[in-house]
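Enquirer: I would like to see how this sequence folds:
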Amino acid sequence: MTQAVLPPPPPGDARADRSRAALVRVPLVIGTVGASALLALNLRDPHSSGSWGFCPFLLLTGEPCPACGGLRAMNDLTRGDVGAALSSNAAAVVFVAVMGVAWVVWLARRWRGQDVPWIRLSKPWAWAAGISMAAFAILRWTPWGSWLQP
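Expert: So this is what the prediction gives:
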């Protein structure tokens with residue numbers, strides 16, 4: 001698959017600089033939203049019961065969903081406690097690390113003027129991620145995976 005590449009701008013071209021700024025606007029807005037959410041989780045501790053509401057799945061079934069403990073994990077990460085974050089929700093820690101790398105790649109490609117193909121669910125890695133999350137959710141409910149529960 002070939003990548004569409006914009007021609008490099010001439011040095012010192014103000015119009016090209018504005019064009020580059022327009023290309024990175026969306027990744028920067030998404031990054032700002034994500035950083036703001038992490039800041040909110042740092043300022044309001046989700047370890048207090050009900051501070052961010054209650055998980056409807058947990059209330060209905062009594063079992064943790066794949067996301068249960070995710071807010072506590074992000075709070076622990078913002079405080080630098082990776083061990084506590086992993087014990088709250090290991091999948092959320094892996095997810096935020098992967099998404100952080102993906103965001104940096106996205107921003108870098110847009111800065112260079114390269115096209116960024118949209119994610120397709122037919123990609124093998126997307127299927128692997130979905131199957132891994134399903135396995136994580138099911139494993140949490142078994143006696144062998146009880147250590148994964150928040």
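Enquirer: State the pLDDT value of the residue nearest to residue 66 when sequence neighbours are not counted.
Expert: Closest residue in space to residue 66, ignoring its immediate chain neighbours: residue 137 at 4.2 Å, by Cβ to Cβ, 6 or more residues apart in numbering. From N, CA and C alone the C-beta is placed, and that goes for glycine too. Residue 137 is assigned a pLDDT of 81 by the prediction.
Enquirer: right, and residue 137 touches residue 61 too?
Expert: No: the pair residue 137 / residue 61 is not scored as a contact, 11.4 Å apart, by Cβ atoms under 8 Å.
Enquirer: quick one on the thing from earlier: count of neighbours near the residue nearest to residue 66?
Expert: 19 (other Cβ atoms under 10 Å).
Enquirer: What average pLDDT does stretch 116-130 get?
Expert: The average of the pLDDT scores along stretch 116-130 is 73.
Enquirer: Quick one: end-to-end length of it, please.
Expert: Start-to-end span of stretch 116-130 (Cα to Cα, to the nearest Å) is 22 Å.
Enquirer: tell me which element residue 23 falls in.
Expert: Per DSSP states H and E, residue 23 falls inside helix 14-43.
Enquirer: Now do the buried residues in that helix.
Expert: Within helix 14-43, the residues that qualify as buried are 16, 20, 23, 24, 27, 31, 41, counting by 16 or more other Cβ atoms under 10 Å.
Enquirer: do the same with stretch 123-138
Expert: Going by neighbour count (16+ other Cβ under 10 Å), the buried part of stretch 123-138 is 136, 137.
Enquirer: Same check on stretch 56-63?
Expert: In stretch 56-63, no residue is buried by neighbour count (16+ other Cβ under 10 Å).
Enquirer: Which neighbouring elements make contact with the helix holding residue 23?
Expert: Judged by 3 or more Cβ pairs under 8 Å, 6 or more residues apart in numbering; DSSP states H and E, helix 14-43 is in contact with helix 70-78, helix 90-111.
Enquirer: Export those to CSV and append columns for mean pLDDT, distance to residue 45 and mean neighbour count.
Expert: Formatted as CSV, the helices and strands packed on helix 14-43 follow (pLDDT from 0 to 100; distance: least, Cβ to Cβ, whole Å; neighbours: other Cβ atoms under 10 Å):
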stretch, mean pLDDT, distance to residue 45, mean neighbour count
helix 70-78, 92, 6, 23
helix 90-111, 89, 16, 15
